[in-house]
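Asker: model the structure of this input:
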Amino acid sequence: MTDPLTLEALKRSDLSLTAPFSLQATGLDSMDCEEVYRHLPGRRVVFRTHWGGAHVLVKLFFRRKDFDRERSGLQAMRNAGVLCPNEVWILKDGSSKSGDFLATEFLEGAVSLRQLYASRPREAMPALLSDAVAMIGRLHRAGVMQADIHLDNFLFRDGELYMIDGGGIQPLKKPLHNLAMFFAQMVPEYDQLMPEVIQAYGAGSPEPEQLQSLITRMREKRIRHYLAKTIRDCTQFQRLKVRGAFVVMARQRVTDRLLQVITQPEVAVGQATFLKRGNTATVMKVTGDNGSWVLKRYNIKNFWHGLKRAFRRSRAWISWQNAYRLELLGIVTPQPLAMRENRAGLFRQGAYLITEWSSGESLQAWLLRHGPAGIPDWLDREVSRLFAIMWLGRVSHGDMKATNLIVCGEQLQLIDLDALHRHRCKWFFKAAYGKDLQRFMDNWQGKTWQHFEQLLRPYASQCGIKLINKKV
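Answerer: Residues are numbered from 1 along each chain as shown. The predicted structure follows:
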C-alpha cells in the first residue's frame, strides 16, 4: 500500500480513485480503506474499514451540510420505526474545511434489493417488496420521505430489510409520486405485483388504479434522467477528450483494447470481419478483450447527406441511448460499450458504436431450422413479452424484420436500434406500434404466420388493427 492520503488529497481525487488506500486525518489513527462504495469527487467518499475489531462503513463528507443531513436523516428513520444501520462514531472537523466522518455499523453479508430483484424470479419478490412498501408508509406517516428512493437503498440481511442513505431523507412532498418512483425502479412487468404489495403501505394506502398511471410517468422520468447520464462523465460513464470527436464509454468496461478501438476506429475497421456493407451503415466484427465486439460505422454518403446529419444526433448516439432505454425496460439487447461522433466544431460527421457480440442467430434462421412445429413455449413467451413491454413503455422499433431479432439460448434480443422511438403522443404511438406488429408478421407465412397471429392478436386489438397475411 502506498503512503497514506491526506484529506486534501482525497478531496482533490477524481473518479479514478480505487481501494485499497490508507488515510491520515487529524484525530484519527491511520485508517485503511478496504473498498470504496461511492465517490462523489469533492463532496463525499463512502468506504469500508476495520475499526475496533469489526468492519464499519465510513462516510467522509467534505461539506458540513451533507454530514448534518446524513445524521438527521438516520435519526428520522429511527424515529419512524424504520430499521437502519446504527451510528458507531463521528468525527467533526472544527474548522469545517477538511472533512467530517460518520461511521455506522457495516451490514456484513447484506444483499441489496436490486441484487435480489435481478437474481430472483418475480414470484419470489412480493414479500420483500411489501416490506419495502411498509417502510415507505412509515416514513410518510412520520412526515418524511426517502427522496433518493432506489432499490440499492434497501439492504436485506438475516431475514430483515434495512433502509440506508440518511442524506436522502427530506420533508414529505407528493407522497404518491415518491411511492410511484419506488415501483418505477423495476421493469413494467412488475407493475402486476403492485396491487398485491401496496396494501403493506398501511393507513392511507392509495388505490392501485390511482397509482398505476403515476408509475408509468415516474418510470419515464427515471429513464430520461438516466439517459442524460449516458453522455456525460459520471460514475457509470466516462467521456474521453479526443480531438475532433465526442466519445463516451461504459466506465466499468473501459480497457486498453476498448480505448484503442474507439480512439482509432478506422484502424480497427482495417482489421475487422465485415458483416454488412451498406451505404449508410457498415457492420463489422472486431476482436475484443475476451471475445468479439460489433463495431458499427454510420457513414456519410455525400455532401447533402452530411449537411442533413450535421446538426442532428447521430444514429450512433440514438442507438447508444436506446440500448440503455431498453435495458431499463427489461428488453435484452447487446450491451453498448462505447460511442463516438466525429465532429468539426458544431458539425456532426461520421459516427461509431461498439457493442457486445451476440453469439445467437437471427429468429428467421432459427425458425427455418426448427419449422413452425418446433416453436417452443419459451419463444412464445419471449415474443409476447417483447411486444407487451413495448406497449407499456410506448416504444416502437421501426424495423421489426426477423434478422433484427436474435435468438440466444432461450432469450430473444433486439438489435438495430437507431429507428427505435419513445412516443409521447398516444395516437402516433398506436400507429407506429401497429406497423411494428405488421412488419413482424410480414416475416412469416403458412403455419408460422398463423401461430404468431394467434399469439399477437390481443396486441393488435389494443392498438386497433387487424393483422394481414400479405403472402397469401
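
Asker: and the strands in the stretch 351-472 of the chain?
Answerer: Under the criterion DSSP state E, counting those that start in this stretch, strands of the stretch 351-472 of the chain are mapped to 361-362, 395-396, 405-408, 411-414, 421-422.

Asker: the stretch 51-200 of the chain too?
Answerer: Using DSSP E, counting those that start in this stretch, strands in the stretch 51-200 of the chain cover 54-61, 87-91, 100-105, 111-112, 144-146, 154-157, 160-163, 169-171.

Asker: residue 134: which of those strands is closest?
Answerer: Smallest distance to residue 134 across the strands of the stretch 51-200 of the chain (C-beta to C-beta): 8.8 Å, for strand 160-163. Quick note: C-beta positions are derived from backbone N, CA and C, even for glycine.

Asker: pLDDT of that closest one, averaged?
Answerer: Strand 160-163 shows a mean pLDDT of 96.

Asker: give the other helices and strands that it contacts.
Answerer: Packing partners of strand 160-163 (3 or more C-beta pairs under 8 Å, 6 or more residues apart in numbering; DSSP states H and E): helix 126-141, strand 154-157.

Asker: which of the strands of the stretch 351-472 of the chain is buried the deepest?
Answerer: Greatest average neighbour count among the strands of the stretch 351-472 of the chain goes to strand 395-396 (a mean of 24), per mean count of other C-beta atoms under 10 Å.

Asker: these two touch, right, residue 130 and residue 195?
Answerer: No: counting by C-beta atoms under 8 Å, residue 130 does not reach residue 195; the two are 11.8 Å apart.

Asker: these two: which is more packed in?
Answerer: residue 130 (18 against 13; other C-beta atoms under 10 Å).

Asker: so who does the more buried one touch?
Answerer: Contact analysis of residue 130 by C-beta atoms under 8 Å, 6 or more residues apart in numbering lists 196-197, 199-200.

Asker: same thing but at 7 Å, please
Answerer: 197, 200 (C-beta atoms under 7 Å, 6 or more residues apart in numbering).

Asker: quick check: it vs residue 182, distance?
Answerer: Residue 130 sits 12 Å away from residue 182, going by C-beta to C-beta, to the nearest Å.

Asker: for residue 6, same thing?
Answerer: 40 Å.

Asker: just the pLDDT at residue 172, thanks.
Answerer: 96.

Asker: residue contacts, it?
Answerer: Per C-beta under 7 Å, 6+ apart, neighbours of residue 172: 140, 143-145.

Asker: looking at those residues, which is nearest residue 425?
Answerer: Closest approach to residue 425 among the contacts of residue 172 (C-beta to C-beta): residue 145, at 32.2 Å.

Asker: assess the claim that the closest one and residue 170 are in contact.
Answerer: Yes: Residue 145 is in contact with residue 170 according to C-beta atoms under 7 Å; the separation is 6.1 Å.

Asker: of these two, who's got more company?
Answerer: Using other C-beta under 10 Å as the criterion, residue 145 and residue 170 rank with residue 145 on top: 23 against 15.

Asker: quick check: the more buried one vs residue 139, distance?
Answerer: Distance, residue 145 to residue 139, using C-beta to C-beta: 6 Å.

Asker: also residue 246?
Answerer: The value you get for residue 246 to residue 139, if C-beta to C-beta is used, is 41 Å.

Asker: and if you look at residue 89?
Answerer: 26 Å.

Asker: swap in residue 355?
Answerer: Residue 355 sits 40 Å away from residue 139 when distances are taken as C-beta to C-beta.

Asker: so the two - more neighbours on which side?
Answerer: residue 139 (24 against 21).

Asker: for the nearest residue to the more buried one once chain neighbours are set aside, grab phi and psi.
Answerer: Excluding the flanking residues, the one nearest residue 139 by C-beta to C-beta, 6 or more residues apart in numbering is residue 80, at 5.1 Å. Per-residue torsions, residue 80: phi -90, psi 0 (degrees, to the nearest 10).

Asker: offset the numbering so it begins at 797, please.
Answerer: Got it, first residue is 797 now, which makes that one residue 876.

Asker: which residues does residue 876 contact?
Answerer: 934-935, 938, 940.

Asker: make JSON lines from those residues and add pLDDT and distance to residue 922 to it.
Answerer: Below are the contacts of residue 876 laid out as JSON lines (pLDDT from 0 to 100; distance: C-beta to C-beta, whole Å):
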{"residue": "934", "pLDDT": "97", "distance to residue 922": "19"}
{"residue": "935", "pLDDT": "97", "distance to residue 922": "20"}
{"residue": "938", "pLDDT": "97", "distance to residue 922": "25"}
{"residue": "940", "pLDDT": "97", "distance to residue 922": "26"}
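
Asker: tell me the one among those residues nearest to residue 1225.
Answerer: Using C-beta to C-beta, residue 935 comes nearest to residue 1225 of these, at 35.6 Å.

Asker: who are the contact partners of that closest one?
Answerer: 876, 878, 941-942.

Asker: ok, it to residue 1155 distance?
Answerer: 46 Å.

Asker: for residue 835, same thing?
Answerer: Counting by C-beta to C-beta, the gap from residue 835 to residue 1155 is 35 Å.

Asker: who has more neighbours, those two?
Answerer: Applying other C-beta under 10 Å to residue 835 and residue 1155 shows that residue 835 carries more neighbours, namely 21 against 11.

Asker: where in the stretch 947-1096 of the chain is pLDDT low?
Answerer: 1096 (pLDDT under 70).

Asker: same thing but 80
Answerer: Residues of the stretch 947-1096 of the chain that meet the criterion pLDDT under 80 lie in 1074, 1096.

Asker: now the helices for it?
Answerer: Here the stretch 947-1096 of the chain has its helices, by DSSP state H, counting those that start in this stretch, at 971-980, 990-993, 1004-1025, 1052-1059, 1061-1066.

Asker: so who does the nearest residue to residue 1256 once chain neighbours are set aside touch?
Answerer: Among residues not flanking residue 1256 along the chain, residue 1263 sits closest, at 5.1 Å (C-beta to C-beta, 6+ apart). Residue 1263 makes contact with 1233-1234, 1237, 1249, 1252, 1256, according to C-beta under 7 Å, 6+ apart.

Asker: ok, so of those, who is nearest residue 812?
Answerer: Of all the contacts of residue 1263, residue 1233 has the smallest distance to residue 812: 47.1 Å, by C-beta to C-beta.

Asker: how far away is the closest one from residue 1034?
Answerer: Counting by C-beta to C-beta, the gap from residue 1233 to residue 1034 is 39 Å.

Asker: quick one: which of those two has more around it?
Answerer: More crowded of residue 1233 and residue 1034, by other C-beta under 10 Å: residue 1233, with 23 against 20.

Asker: quick one: that one and residue 1251, what's the gap?
Answerer: Residue 1233 is 11 Å from residue 1251, by C-beta to C-beta.

Asker: also residue 855?
Answerer: On the measure of C-beta to C-beta, residue 855 and residue 1251 end up 51 Å apart.

Asker: higher neighbour count, these two?
Answerer: Each of residue 855 and residue 1251 has its neighbours counted (other C-beta under 10 Å); residue 855 has more, 23 against 16.
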